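A.B. asks: Next input, structure requested:
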Amino acid sequence: MAQPLPIISLFAALALGACVIAKAPKEMPTGAQDFADFCAGCHGLSGTGDGEMAGTLTRRPPDLTRLARRNGGTFPTTKVMAKIWGYTGGKGGAVMPNFGPLLDSDLMPYDGGDGIMSPTPARLVQIAEHLQAIQVR
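C.D. replies: Coordinates of the predicted model:
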């Protein structure tokens, strides 16, 4: 009579593998991916304000590739992150929605340019860094 041990061992190994796969952490999107998912509809993939929804808004979305140029050559990281997270705007005539809840993630120490290391959601940092990377000089 054949021993059922090899078959039982095989099923046990497969079940354990399924548990490991099911509990694997979800990979965090990059800043470029989050920008494409949450921002490009209005700001366009290039960030110039030409997204497919731009024409339906009461105010044209700003050209995000010129933020540093409009700020004396310095990228305004803290202001940008505050705007994305929803600390500014959203009241009165502002069109920009609050994306804070969508970008909630593990916190990391980050200096947004003011010399203060602050606990900041990693996904918010990644979007700000993506925007900084697409600045025209």
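
A.B. asks: Near Gly55, how many other residues are there?
C.D. replies: 9 (other CB atoms under 10 Å). All C-beta spots, glycine's among them, are computed from the backbone N, C-alpha and C.

A.B. asks: tell me the phi and psi of it?
C.D. replies: Main-chain torsions, Gly55, degrees, to the nearest 10: phi -70, psi -20.

A.B. asks: Please list all residues in contact with it.
C.D. replies: By CB atoms under 8 Å, 6 or more residues apart in numbering, Gly55 lies in contact with nothing.

A.B. asks: Recalculate using a threshold of 10 Å.
C.D. replies: Cys42 (CB atoms under 10 Å, 6 or more residues apart in numbering).

A.B. asks: which residues of the protein score low on pLDDT?
C.D. replies: Where the chain drops to pLDDT under 70, the residues are 1-25, 88-94.

A.B. asks: all strands of it, in order?
C.D. replies: 107-111, 117-121 (DSSP state E).

A.B. asks: I'd like to know which of these is closest to Thr58.
C.D. replies: Thr58 lies closest to strand 117-121 among the strands of the chain, at 28.9 Å (CB to CB).

A.B. asks: Would you indicate which residues of the closest one are buried?
C.D. replies: 120-121 (16 or more other CB atoms under 10 Å).

A.B. asks: Which residues does it contact?
C.D. replies: The contact list for strand 117-121, computed with CB under 10 Å, 6+ apart, reads 78, 81, 85, 100, 103-112, 127-128.

A.B. asks: Closest one to Met53 out of these, please.
C.D. replies: Ile127 (17.9 Å).

A.B. asks: quick one: the closest one and His43 touch, right?
C.D. replies: No: contact criterion CB atoms under 10 Å: Ile127 and His43 do not qualify, at 11.2 Å.
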